[in-house]
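Asker: Sequence first, then the predicted structure:
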Amino acid sequence: MSQIPERVLVQAHLAAREPVPLSAEETEDYKRRIAAALKARNAVLVAHYYTDPVVQALAEETGGCVSDSLEMARFGRDHPATTLVVAGVRFMGETSKILSPEKRVLMPTLEATCSLDIGCPIDEFSSFCDQHPERTVVVYANTSAAVKARADWVVTSSCALQIVEHLMDRGEKILWAPDQHLGNYIQTQTGADMLMWQGSCIVHEEFKAQSLIDLKAVYPEAAVLVHPESPAAVIELADVVGSTSQLIKATETLPNPTFIVATDRGIFYKMQQAAPDRQLIEAPTAGNGATCRSCAHCPWMAMNTLPRVLSSLEQGTDEIEVDSGLIPQAVRPLERMLDFTRQANLGAVGNA
């Protein structure tokens, strides 16, 4: 049974309405108009790996980027554009605003959020932290600006292991939030003393171990690629466990002709670029479960459509605002992570 709070499932269900499909002609017209609007407004489009492939392609074609949430924010910070259009979910727009407070940050829709973010409200989280003041607070990047501001460290799925090991070596006990599966994976790998917030991702929660075993029997030559936000039983079956960017890299470097991929299917766009000769298969999900509309694809990511990108640009709507008082507090744990990864020479620190 899913451990995702009912309020999160309700919001996911509301978000899961299928966008109106566009014809090829309409798609090209929107792309042309968006490209012109980006240029006219000194704006750049950054898109997450889980958005629609047509949005990812447009970001690349117009000089933007397709990446994880932190790299989206860093790219926007370093780009000369004065306006950032963030195609993703709300915490990604907030992270961009935290790193670029002087820039305008727009989103195709502010309704696009994340079950990990919704499931970790700041008032409840602050109370949890206050109950355990002896613990170092480490939060995953998939959290609100307010939660980041309450943390000692922000981490991503590709650097979390190293940072937790670093803290463990210093004798620190950790309060971890919000993804319990990622936290449990890190705890298993490191043996760290970690107190978990009980959050999870509606997409990764749905991957099922037995169905994955059955699929692996059909494709015995396939490598199983799993994001660590998945349940432990699914992680145990993986050939590679890693962040989004690490899983894309695996399709380039592993010799297998076929990959079974246990993360959002939006990743296939970049995987097919990286390894066009490989067969990619979605890992099996619950199918008819409570969040079945989200299976293998985030319903909030699907809200990033071309019409919404254009509307945001032309009307200046759906602008991200972060309390100026929060920004110095929220940027501190982010910069702490970036400094650590630079010193440890970890390279990209991609997350979900």
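Answerer: Ah, there it is.
Asker: mind showing which ranges of the stretch 1-150 of the chain have poor pLDDT?
Answerer: Along the stretch 1-150 of the chain, segments meeting pLDDT under 70 span 1-18.
Asker: Quick one: low-confidence residue ranges for the stretch 201-350 of the chain.
Answerer: 287-295, 346-350.
Asker: how about the strands of the stretch 1-150 of the chain, start to end?
Answerer: In the stretch 1-150 of the chain, the strands defined using DSSP state E, counting those that start in this stretch lie at 43-48, 65-67, 83-87, 104-106, 136-140.
Asker: Can you dump the C-alpha atoms of the third one in PDB for me?
Answerer: Once side chains and other backbone atoms are set aside, the C-alpha atoms of strand 83-87 remain, and they are given as PDB (Å, rounded to 0.1, in the frame of the first residue of the first chain):
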ATOM      1  CA  THR A  83      14.500  36.100 -17.400                       C
ATOM      2  CA  LEU A  84      14.500  32.400 -16.700                       C
ATOM      3  CA  VAL A  85      11.700  30.100 -17.900                       C
ATOM      4  CA  VAL A  86      11.800  27.000 -15.800                       C
ATOM      5  CA  ALA A  87      10.000  24.000 -17.300                       C
END
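Asker: Mind giving me the packing neighbours of that strand?
Answerer: strand 43-48, helix 69-78, helix 90-99, strand 104-106, helix 306-315 (3 or more CB pairs under 8 Å, 6 or more residues apart in numbering; DSSP states H and E). The way it works is simple: take the backbone N, C-alpha and C, and place the C-beta from them, glycine included.
Asker: any residues touching the helix or strand just after the last one, and which ones?
Answerer: It stands for helix 306-315. Counting by DSSP states H and E, the next helix or strand C-terminal to helix 306-315 is helix 327-343. Contact with helix 327-343 is made by 70, 95, 97-99, 101, 139, 145-146, 148-156, 159, 162-163, 166, 322, 346-347, 349, as judged by CB atoms under 8 Å, 6 or more residues apart in numbering.
Asker: between helix 327-343 and helix 90-99, how big is the angle?
Answerer: On the basis of axes from the mean of the first three to the mean of the last three CA atoms, to 10 degrees, helix 327-343 is oriented at 90 degrees to helix 90-99.
Asker: Show me how far helix 327-343 is from its chain's centre.
Answerer: When distances are taken as CA atoms, centre = their mean, to the nearest Å, helix 327-343 is centred 18 Å away from the chain's centroid.
Asker: quick one: it to helix 69-78, angle?
Answerer: 100 degrees.
Asker: From here on, call the first residue 851.
Answerer: Sounds good: first residue 851 from here, last item helix 1177-1193.
Asker: Now do the phi/psi pair for the nearest residue to Val1090 once chain neighbours are set aside.
Answerer: Once flanking residues are discounted, Val1090 sits nearest to Ala1100: 4.6 Å by CB to CB, 6 or more residues apart in numbering. Dihedral pair for Ala1100: phi -60, psi -30, per degrees, to the nearest 10.
Asker: What residues does Ala1100 make contact with?
Answerer: Counted by CB under 8 Å, 6+ apart, Ala1100 has contacts Ala1073, Leu1075, Val1090, Gly1092, Phe1109.
Asker: Just give the number of residues close to Ala1067.
Answerer: By other CB atoms under 10 Å, the residues close to Ala1067 number 8.
Asker: now the contacts of Ala1100 as JSON lines including neighbour count, distance to Leu966 and secondary structure?
Answerer: Output for the contacts of Ala1100, formatted as JSON lines (neighbours: other CB atoms under 10 Å; distance: CB to CB, whole Å; DSSP: H, G, I helix; E, B strand; the rest coil):
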{"residue": "Ala1073", "neighbour count": "20", "distance to Leu966": "27", "secondary structure": "strand"}
{"residue": "Leu1075", "neighbour count": "26", "distance to Leu966": "20", "secondary structure": "strand"}
{"residue": "Val1090", "neighbour count": "17", "distance to Leu966": "22", "secondary structure": "strand"}
{"residue": "Gly1092", "neighbour count": "19", "distance to Leu966": "18", "secondary structure": "coil"}
{"residue": "Phe1109", "neighbour count": "24", "distance to Leu966": "25", "secondary structure": "strand"}
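Asker: For those residues, give me TSV that also has distance to Gln1129.
Answerer: Shown next, in TSV, are the contacts of Ala1100 (distance: CB to CB, whole Å):
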residue	distance to Gln1129
Ala1073	11
Leu1075	13
Val1090	16
Gly1092	20
Phe1109	7
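Asker: what's the closest of these to Thr1038?
Answerer: Nearest to Thr1038 among the contacts of Ala1100: Gly1092, at 15.1 Å, using CB to CB.
Asker: and the gap between that closest one and Ile948?
Answerer: According to CB to CB, to the nearest Å, Gly1092 and Ile948 sit 25 Å apart.
Asker: What of Phe1109?
Answerer: Distance from Phe1109 to Ile948, by CB to CB: 34 Å.
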